[in-house]
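> Generate a structure from the sequence data that follows.
(chains A and B)
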There are 2 protein chains.
Amino acid sequence: MPQYKLTYWPVQALAEPIRFLLSHKGEDFEDFRFERENWPAIKPSMPFGKVPVLEIDGKMVHQSTAISRYLGKEMGLAGSNNWEDLQIDIAVDTLHDFRQAVGGYWYETDEAAKAKKKEVVLNETAPYYLEKFDNLVKENNGYLANGKLSWGDMYFVGVSEYISHMLGYSMFDKYENLRKLRDNVITLPKIKAWIEKRPKTDL
Amino acid sequence: MPQYKLTYWPVQALAEPIRFLLSHKGEDFEDFRFERENWPAIKPSMPFGKVPVLEIDGKMVHQSTAISRYLGKEMGLAGSNNWEDLQIDIAVDTLHDFRQAVGGYWYETDEAAKAKKKEVVLNETAPYYLEKFDNLVKENNGYLANGKLSWGDMYFVGVSEYISHMLGYSMFDKYENLRKLRDNVITLPKIKAWIEKRPKTDL
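Predicted coordinates:
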């Protein structure tokens, strides 16, 4: 079994999909969560100064989506062919577009600009994306793509509490199919066990 | 041969990697470039309201990275195994981090905020990323990953004029290894032919 060490802030956010996938794979991993004051010391040793970073037998890899796709392929949670992989990749990168739009408001430091962006995100961006995702999941039998479970579903649900926290409401509340997607992931026995034992955090 | 139709603004930007890959594959494709005033009419028919969108035998797919990975795999420009694919994916998603940081300044509409962001991008972000990319390419024999040509290199070079335009200088100027990477892509005969015949645009 490879040795895994995951380095990230003490939150779910972009590391949680990786934690879901490692848990589902049944891997032990070191879940290293650094405190805010230690980041300046850690940053220079990260490949492009960002986290999450996963060490696999001492080799550092970064980019949460790339790592999740890699782990998904390792455990048979990719598509059955190139076209199916494309559908998963489209869904995940579209989720990032949505996450970044929400983050664009959340991380804005100018108060006036933040208020303006918040209004657009809450009234336009979020309903637009969430309704489209809900339809996509409806067409795909409770999953994001190809009518079956993939690493993309793990990514979506893994990162969802972070996005919900930034929105100020659960992104599942109004969307029946998104709730089915969530349930299809969080009821997997090893994911369920991970969620029960993970540190409790806001996002 | 599949029928391809690519829909995008009349610029290189995020569509150019797809144009590179289709050209390198030797595919004819409809290169549909809409004018700015027609976007409101086109937007609602795009899957998540964004472009580029590629139609493959009438089926719409979106997300430039996902499409490029798909085309790359179709023509043997992916990695030889999951680990090699991971290295390509890391490089491309890191390029997006850089592109989005540069775009964060370029698309800022508040003039004071734009000036502040420009300073950070030009003095910190760009040198940081470009030097790291230059080292990565040095370690990889003139390519982004695995010491050999991949769809990731096509992506990098395809999107580079857009990033350079936003920066206000060529991202290759100071970086010998990045120039090697560029040359390794633009001297491929079908890419060379595409660059010669493509519409001339600023970005």
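> ranges for the helices of chain A?
With DSSP state H, the ranges of helices along chain A come out as A:16-24, A:39-42, A:64-74, A:82-106, A:111-120, A:126-139, A:151-167, A:176-186, A:189-197.
> which helices and strands sit right next to the third one?
Applying 3 or more CB pairs under 8 Å, 6 or more residues apart in numbering or on different chains; DSSP states H and E, one finds that helix A:64-74 makes contact with helix A:16-24, helix A:82-106, helix A:151-167, helix B:82-106. For the C-beta atoms, the positions are set from N, CA and C on the backbone; glycine is no exception.
> State the mean pLDDT of that helix.
Averaging pLDDT along helix A:64-74 yields 98.
> what do you get for the fifth one?
Here the mean pLDDT over helix A:111-120 is 94, rounded to a whole number.
> Please apply the same query to the shortest one.
Averaging the model's pLDDT scores along helix A:39-42 yields 98.
> Enumerate every residue touching residue A:38.
Contacts for residue A:38 (CB atoms under 8 Å, 6 or more residues apart in numbering or on different chains) come out as none.
> cool, residue A:8 as well?
Here residue A:8 is in contact with A:14-15, A:32-34, A:51-53 (CB under 8 Å, 6+ apart).
> Which among those count as buried?
Buried members of those, counted by 16 or more other CB atoms under 10 Å in any protein chain shown: A:14-15, A:51-53.
> what's the closest of these to chain B?
residue A:53 (10.5 Å; CB to the nearest CB).
> beta partners of that closest one?
residue A:7, residue A:62 (DSSP bridges).
> Surely it touches residue A:61?
Yes - contact criterion CB atoms under 8 Å: residue A:53 and residue A:61 qualify, at 7.1 Å.
> avg pLDDT for stretch A:154-170?
98.
> for stretch A:22-34, same thing?
Mean predicted lDDT for stretch A:22-34 stands at 97.
> Return the residues of chain A in contact with chain B.
Selection of chain A residues close to chain B by CB under 8 Å from any CB of the partner chain yields A:47-50, A:61-63, A:65-67, A:69-70, A:73-74, A:82-83, A:85-86, A:89-90, A:93-94, A:97, A:100, A:110, A:113, A:128-129, A:132.
> If you go by neighbour count, which of these are buried?
Buried among these by 16+ other CB under 10 Å: A:48, A:61-63, A:65-67, A:69-70, A:73-74, A:85-86, A:89-90, A:93-94, A:97, A:113, A:129.
> Need the nearest residue in space to the residue positioned nearest the centre of chain A, chain neighbours excluded.
The residue lying closest to the centre of chain A (CA atoms, centre = their mean) is residue A:159, at 2.9 Å. Among residues not flanking residue A:159 along the chain, residue A:17 sits closest, at 5.8 Å (CB to CB, 6 or more residues apart in numbering or on different chains).
> if we can go back for a sec, looking at the helices and strands packed on helix A:64-74, which is nearest to residue A:136?
helix A:82-106 (6.7 Å; CB to CB).
> What helices and strands are in contact with the closest one?
Contact analysis of helix A:82-106 by 3+ CB pairs under 8 Å, 6+ apart lists helix A:64-74, helix A:111-120, helix A:126-139, helix A:151-167, strand B:59-62, helix B:64-74 as its packing neighbours.
> mind putting these in TSV, distance to residue B:10 included?
Output for the helices and strands packed on helix A:82-106, formatted as TSV (distance: least, CB to CB, whole Å):
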stretch	distance to residue B:10
helix A:64-74	30
helix A:111-120	26
helix A:126-139	25
helix A:151-167	32
strand B:59-62	18
helix B:64-74	16
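> nearest to residue A:184, of the ones you listed?
helix A:151-167 (6.7 Å).
> list the helices and strands the closest one packs on?
helix A:16-24, helix A:64-74, helix A:82-106, helix A:176-186.
> got those as JSON lines, with distance to residue A:118 columns?
Compiled in JSON lines, the helices and strands packed on helix A:151-167 are given as follows (distance: least, CB to CB, whole Å):
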{"stretch": "helix A:16-24", "distance to residue A:118": "24"}
{"stretch": "helix A:64-74", "distance to residue A:118": "25"}
{"stretch": "helix A:82-106", "distance to residue A:118": "5"}
{"stretch": "helix A:176-186", "distance to residue A:118": "22"}
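> Could you list the domains of chain A?
Per the TED database, the structural domains of chain A span A:4-75+A:190-197, A:82-187.
> residue furthest from the geometric center of chain A?
residue A:112 (29.1 Å).
> Report the separation between that one and residue B:5.
43 Å (CB to CB, to the nearest Å).
> ok, now residue A:64?
For residue A:64, the distance to residue B:5 equals 32 Å [CB to CB].
> Looking at these two, which one has more neighbours?
residue A:64 (25 against 15; other CB atoms under 10 Å in any protein chain shown).
> quick revisit: which residues do residue A:53 and residue A:61 both contact?
Here residue A:53 and residue A:61 share the contacting residues residue A:47, scored by CB under 8 Å, 6+ apart.
> Now do the same for the closest residue in space to residue A:132 that isn't next to it in sequence: its pLDDT.
Using CB to CB, 6+ apart and skipping residues adjacent in sequence, the residue nearest residue A:132 is residue B:48, 5.9 Å away. If you check residue B:48, the pLDDT there is 98.
> just residue A:177 next, same as before
Looking at residue A:177, its pLDDT stands at 98.
> what sits against it?
Taking CB under 8 Å, 6+ apart, we find residue A:177 in contact with A:134-135, A:137-138, A:142.
> Next: residue A:53.
A:6-8, A:46-47, A:60-62.
> do the same with residue A:42
A:7, A:34, A:51.
> Does the first one touch residue A:52 like I think?
Okay, so that is residue A:7. Yes - look at residue A:7 against residue A:52 with CB under 8 Å: they come within range, at 6.6 Å.
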